[in-house]
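**Student:** Whatever this is, show me its structure:
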Amino acid sequence: MSQPILHISKTADLAVLELAEFFIRTAKETIATTGRFSVALSGGSSPKKLYELLASPEFSSQLDWDKVDFFFGDERYVPSDDPDSNALMVKKALFEPLRIPAKNIFTVDTSLSPEEAAMKYTQAIQHRYQAEQVRFDLVLLGLGDNSHTASLFPNTPVLHDTSVSVKAVFLEDQNVSRITMTAPLINLAYHLAFLVYGKGKAEAVNAVLNGAEDIENHPAQLIRAAQGDVHWFLDEPAAAELSV
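**Tutor:** Purely as a prediction, here's the structure:
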């Protein structure tokens, strides 16, 4: 199991830029080898900057986007037109500007119950890969200040789920549901990339990377590439507590 690869930039914008370059480079190499590129996207505010940069003229012209399949590492259990929807955010920031074909976009159907939505999404992923092992080329991840990633939250049953699948998660403290890829599914990816910036994340970054193993309180410690590599794109404030 490989060690995490750290990319520490002076500012958040430079961290986003470095990840955008990594995204394009990885996608190009994969398409050249296999003909297509599959990526599982993360939601929230941090990756929005990444998607907007990828949709800018500087980056959008570098890739044949018709050969990219987009999935979601997790989704909030809200209607598809809700402002909190990860899919809606990405649609506005990336899919619409790049005119991504609908057949290349795989979203979670939140009109179903959380459990059924998770089951259907698992099936959609398996159908896309058919007989092949389900291995995304790239999974993008964020990190909450409580050390959660995707919707793998502290002290939730999904942390102990060993299936390669998508599961529903109920967050009692927020009284909301989420749909998330399990850690075993995420860990099968060829490349994993965290984007984390801001001094508010420094304690969580250090706990996940250097702290004693404590999955219940620091779920992002579950992310360990089975055969691929794990990259952390950080700005200096987020990396401030690391001894590197």
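**Student:** where in the chain is pLDDT low?
**Tutor:** By pLDDT under 70, the low-scoring segments of the chain are 1-2, 131-132, 244.
**Student:** which other residues reach the longest helix belonging to it?
**Tutor:** Determined from DSSP state H, the single longest helix within the chain is helix 12-34. Helix 12-34 is contacted by residues 7-9, 36-37, 39, 49-50, 53-54, 59, 62-64, 67-68, 137-138, 190-191, 193, 195, 197-198, 231, 233-235 when judged by C-beta atoms under 8 Å, 6 or more residues apart in numbering. In short, each C-beta sits where N, CA and C put it, glycine included.
**Student:** before we move on, what about stretch 82-89?
**Tutor:** With contacts defined as C-beta under 8 Å, 6+ apart, stretch 82-89 is touched by 41-44, 48, 51, 72, 74-76, 78-81, 107-108, 110.
**Student:** right, and the helix or strand after the strand or helix carrying Val90?
**Tutor:** For Val90, the element it lies in under DSSP states H and E is helix 86-90. Moving toward the C-terminus from helix 86-90, the first helix or strand encountered (DSSP H and E) is helix 96-98.
**Student:** that older thread, the longest helix of the chain: how far from the chain's middle?
**Tutor:** Offset of helix 12-34 from its chain centre (C-alpha atoms, centre = their mean, to the nearest Å): 14 Å.
**Student:** Which helix or strand lies directly C-terminal to that helix?
**Tutor:** Sequence-wise, the next helix or strand downstream of helix 12-34 (DSSP H and E) is strand 37-41.
**Student:** dump the residue contacts of Glu216.
**Tutor:** Contacts of Glu216 (C-beta under 8 Å, 6+ apart): 154-155, 159.
**Student:** Let me fix that, I meant to ask about Phe59.
**Tutor:** 20, 24, 53.
**Student:** For the strand or helix carrying it, list the C-alpha coordinates in PDB.
**Tutor:** Using DSSP H and E, Phe59 falls within helix 57-60. Provided in PDB are the C-alpha atoms of helix 57-60 (Å, rounded to 0.1, in the frame of the first residue of the first chain):
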ATOM      1  CA  PRO A  57     -10.900  27.900 -21.900                       C
ATOM      2  CA  GLU A  58      -7.400  27.200 -20.600                       C
ATOM      3  CA  PHE A  59      -8.300  23.700 -19.500                       C
ATOM      4  CA  SER A  60     -11.500  22.800 -21.400                       C
END
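**Student:** So which bits of it are buried?
**Tutor:** Within helix 57-60, the residues scored as buried using 16 or more other C-beta atoms under 10 Å are 59-60.
**Student:** other SSEs contacting the helix or strand following that helix?
**Tutor:** Following helix 57-60 in sequence order, the next helix or strand is strand 68-72 (DSSP H and E). In terms of contacts (3 or more C-beta pairs under 8 Å, 6 or more residues apart in numbering; DSSP states H and E), strand 68-72 is packed against strand 37-41, helix 86-90.
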